[in-house]
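*Asks:* Mind folding the following:
(one chain, ligands or ions: 1)
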Amino acid sequence: MSKVSDAKEILEWYLLAGVDETCGDVPFASLKQGKEILRPISKQADNKVAAATAARRPATTGLAQDTSGAFQNAQEICAKAENLESLRAEVEKFEGCSLKLTATHTVFGDGNPEAKIFLVGEAPGADEDRVGVPFVGRSGQLLDKMMASIGIDRTGYYISNILPWRPPGNRTPLDSEIAVCLPFLKRQIDLVDPDYIFILGGSAANSLLDTAETISHLRGHWFEYTKSNGKKAKALASFHPAYLLRTPGQKAKAWADLLRLSKELGSGNNAESC
Ligand code: URA
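*Replies:* Numbers count the residues shown, from 1 in each chain. Predicted coordinates:
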């Protein structure tokens with residue numbers, strides 16, 4: 001194997017392990033006791049990096065530490081947002097969730113805002129954070145295939161996440177982070193006004209359906225979701241594509257869920273296996 005592909009494999013392994021940012025040009029043993037840590041970056045370069053970082057990541061306000069204040073602020077923003085674009089602009093400015101400080105992009109939503117189906121995932125991963133669009137990485141590619149198997153592409157649905165910012169290293173989102181950001185997703189759902197919501201994974205299902213049941217129990221059943229205008233949407237939960245990539249043996253159940261969705265949409269069962 002060439003040195004280039006060795007290096008590529010090592011970098012891919014780092015990414016999988018959640019190591020997706022460098023903090024210097026030269027590695028150093030941060031755990032070595034009693035030795036002065038080498039600072040490979042000159043003071044001047046260091047200042048430039050600090051200034052660029054500060055410009056990109058606004059200093060945290062007290063709001064990010066005050067969950068109920070941040071939640072209230074999120075609700076006020078949502079009450080004023082008349083359309084998806086103004087909501088997107090407000091979410092991009094929001095200072096009440098510290099996940100934003102470590103994220104590169106706000107990942108707001110994608111797809112057709114006129115669609116009757118709204119897909120909900122958990123949180124952006126590294127690829128989505130880099131690009132600013134939900135479900136563009138490996139999970140997204142599988143999801144695209146799953147939806148294509150029932151004849152629907154992104155022009156046929158809108159897609160978003162419980163959280164608009166990537167948790168560092170893809171860690172599990174905190175309940176407080178979900179609580180603060182949930183009004184944004186709910187407002188997005190109100191504005192798209194779908195008839196169907198397809199929920200991907202336990203975390204999204206628990207948040208949106210307000211239940212602590214496991215995804216194994218929730219999946220495959222229809223639920224009623226009430227939008228803020230009082231109108232109902234039919235909600236179906238299924239396994240998250242990232243889980244299906246790790247546990248392909250569960251794909252048959254996800255397939256059954258897709259067929260359930262397809263049948264309900266009236267598109268019949270002319271689907272191909274994914
Ligand atoms: N997983 C998610 O839940 N959402 C994304 O946008 C990407 C991966």
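*Asks:* Could you check which residue of the stretch 151-274 of the chain lies nearest the ligand?
*Replies:* For the stretch 151-274 of the chain, the residue closest to the ligand is N161, as judged by C-beta to the nearest ligand atom, at 4.7 Å. Quick note: C-beta positions are derived from backbone N, CA and C, even for glycine.
*Asks:* so that residue makes contact with A204?
*Replies:* Yes - N161 lies in contact with A204 (C-beta atoms under 8 Å); the separation is 7.5 Å.
*Asks:* any idea how far G121 is from the residue lying closest to D129 once chain neighbours are set aside?
*Replies:* Leaving aside its sequence neighbours, D129 sits nearest to R166 (C-beta to C-beta, 6 or more residues apart in numbering; 4.0 Å). Separation of R166 from G121 (C-beta to C-beta, to the nearest Å) stands at 12 Å.
*Asks:* Quick check: the gap between the residue in the stretch 1-150 of the chain positioned nearest to the ligand and A242.
*Replies:* As assessed by C-beta to the nearest ligand atom, the ligand sits closest to G121 within the stretch 1-150 of the chain, at 2.9 Å. Separation of G121 from A242 (C-beta to C-beta): 9 Å.
*Asks:* likewise D6?
*Replies:* In terms of C-beta to C-beta, D6 sits 27 Å off from A242.
*Asks:* what about these two, which has more around it?
*Replies:* A242 (20 against 10; other C-beta atoms under 10 Å).
*Asks:* Just give the nearest non-adjacent residue to the more buried one, would you?
*Replies:* S139 (4.4 Å).
*Asks:* Equivalent analysis for G220, please.
*Replies:* Nearest to G220 is D257, by C-beta to C-beta, 6+ apart, at 5.6 Å.
*Asks:* now the helix or strand where the one you found lies: how far from the chain's centre is it?
*Replies:* Taking DSSP states H and E as the definition, D257 sits inside helix 251-265. Put simply, helix 251-265 sits 22 Å off its chain's centre (C-alpha atoms, centre = their mean, to the nearest Å).
*Asks:* cool, stretch 86-102 as well?
*Replies:* 14 Å.
*Asks:* Run through who's touching that stretch.
*Replies:* 57-58, 60-61, 63-66, 69-71, 73-74, 77-78, 80-81, 106, 108-109, 163-168, 173, 177, 180-181, 184, 187-188, 191 (C-beta atoms under 8 Å, 6 or more residues apart in numbering).
*Asks:* let's see 6 Å
*Replies:* Under the contact criterion C-beta atoms under 6 Å, 6 or more residues apart in numbering, stretch 86-102 has outside partners 57, 60-61, 63-64, 70, 73, 77, 81, 106, 108, 164-165, 167-168, 177, 180-181, 184, 187.
*Asks:* Could you list the alpha-carbon positions for it in CSV?
*Replies:* The C-alpha trace of stretch 86-102 is given here as CSV (Å, rounded to 0.1, in the frame of the first residue of the first chain):
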residue,chain,number,x,y,z
SER,A,86,-36.5,34.3,8.3
LEU,A,87,-36.5,31.4,10.7
ARG,A,88,-33.2,30.2,9.1
ALA,A,89,-31.7,33.6,9.5
GLU,A,90,-32.7,33.8,13.2
VAL,A,91,-31.4,30.3,14.0
GLU,A,92,-28.1,31.3,12.4
LYS,A,93,-27.9,34.3,14.8
PHE,A,94,-29.1,32.4,17.9
GLU,A,95,-26.7,32.5,20.8
GLY,A,96,-28.6,30.2,23.2
CYS,A,97,-27.0,26.8,22.4
SER,A,98,-23.3,26.3,23.0
LEU,A,99,-23.2,23.6,20.2
LYS,A,100,-23.0,26.5,17.8
LEU,A,101,-19.6,27.4,19.2
THR,A,102,-17.9,24.2,18.0
